[in-house]
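Student: Here is the input, now give the coordinates:
(chains A and B)
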Number of protein chains: 2
Amino acid sequence: MIEQVIEQWHAYLKGQLPDGLDALLDDEVVFYSPIVYTPQRGKAITTMYLQAAGQTLPGESASSGVPGETPTGGFRYTKAVMAGDTAVLEFETTVEGKYVNGVDIIRCNDQGRIVEFRVMIRPLQAVNLVHRQMAATLEAMKPSG
Amino acid sequence: MIEQVIEQWHAYLKGQLPDGLDALLDDEVVFYSPIVYTPQRGKAITTMYLQAAGQTLPGESASSGVPGETPTGGFRYTKAVMAGDTAVLEFETTVEGKYVNGVDIIRCNDQGRIVEFRVMIRPLQAVNLVHRQMAATLEAMKPSG
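Tutor: Got it, this is the predicted structure:
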């Protein structure tokens, strides 16, 4: 089951999943941030975090196209380890010229929906960089007014 | 093959692997620290890092027994995902009262020796804490004189 979920996750990253994250995430999904201790519960906030991460760590879909932005090194998955209901996808990318190495730990239920999405990154410099960038991105995503 | 390597790894953590890390690590093993960018190459330096990590994140073997030290929450593995030559072991522990969540990513060769050992932790507070502690532990491990 997890293999099909990961296929859908890759399709989502390529912009090829018509219903996007809504089709992929369980209502009760929990997101565990690389930065924040508190688990983020529910589809709405997990969607927001994953979209913010997609902007911070430009993915297969990515290249933000924002004028003046330095192009970043391509996000790529370097390992995929799957067993039972869980997948671990290791990735590498470059943000502001700094190397970022991380894992997405993804667990699904019997319905093929993601119930847990956990991210960790290394080294320290990357954690601090992503912290700053994610904070700025989440701030910019807030509805104004 | 990776399943047997992980069995040995657990035995090592329990102090039940007679030849210790020497039997488990390949001569060309590379350690990727959660803190430091530069890969640490070779059995000697990887052994030093894993021993320092064992002191910083007290393991199944652990409880340092150092007088005056506050007992830390028990180190425990919370997920094991294995496929092919790779295992991902997720863990939780408590250091100085702070929650630490991490992964050991372990890859072995056909001879059942570990050739890659990669660690990542979350959240940010834990990364900073482990950074401080590992630096102090590695400093203390240096031969004096």
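
Student: The residue nearest the centre of chain A sits in which helix or strand?
Tutor: Geometric centre of chain A, nearest residue: residue A:50, 4.4 Å, by CA atoms, centre = their mean. Residue A:50 belongs to helix A:43-56 when assigned by DSSP states H and E.

Student: next helix or strand past that helix?
Tutor: Per DSSP H and E, the first helix or strand lying C-terminal to helix A:43-56 is strand A:76-83.

Student: Off-centre distance for the next helix or strand after that next one?
Tutor: Sequence-wise, the next helix or strand downstream of strand A:76-83 (DSSP H and E) is strand A:86-95. Averaged C-alpha coordinates place strand A:86-95 at 9 Å from its chain's average position (CA atoms, centre = their mean, to the nearest Å).

Student: tell me the angle of strand A:86-95 relative to helix A:43-56?
Tutor: Angle of strand A:86-95 versus helix A:43-56, following axes from the mean of the first three to the mean of the last three CA atoms, to 10 degrees, is 40 degrees.

Student: show me what contacts the nearest residue to residue A:111 once chain neighbours are set aside?
Tutor: In space, and not counting its chain neighbours, residue A:111 is closest to residue A:26: 7.4 Å by CB to CB, 6 or more residues apart in numbering or on different chains. Where C-beta positions appear, they are placed from N, C-alpha and C, glycine not excepted. Residues counted as contacts of residue A:26 (CB atoms under 8 Å, 6 or more residues apart in numbering or on different chains) are A:43, A:109, A:111, A:113-115.

Student: Keep only those of the residues you listed that are in strands.
Tutor: Those of these mapping onto strands are A:114-115, per DSSP state E.

Student: Pick the one among the contacts of residue A:26 closest to chain B.
Tutor: Nearest to chain B among these: residue A:115, at 13.3 Å, using CB to the nearest CB.

Student: Cross-check the contact I'm expecting between that closest one and residue A:106.
Tutor: No - checked against CB atoms under 8 Å, the pair residue A:115 and residue A:106 is beyond contact range at 9.2 Å.

Student: neighbour-wise, which of these two wins?
Tutor: Neighbour totals were compared for residue A:115 and residue A:106, and residue A:106 leads with 22 against 16 (other CB atoms under 10 Å in any protein chain shown).
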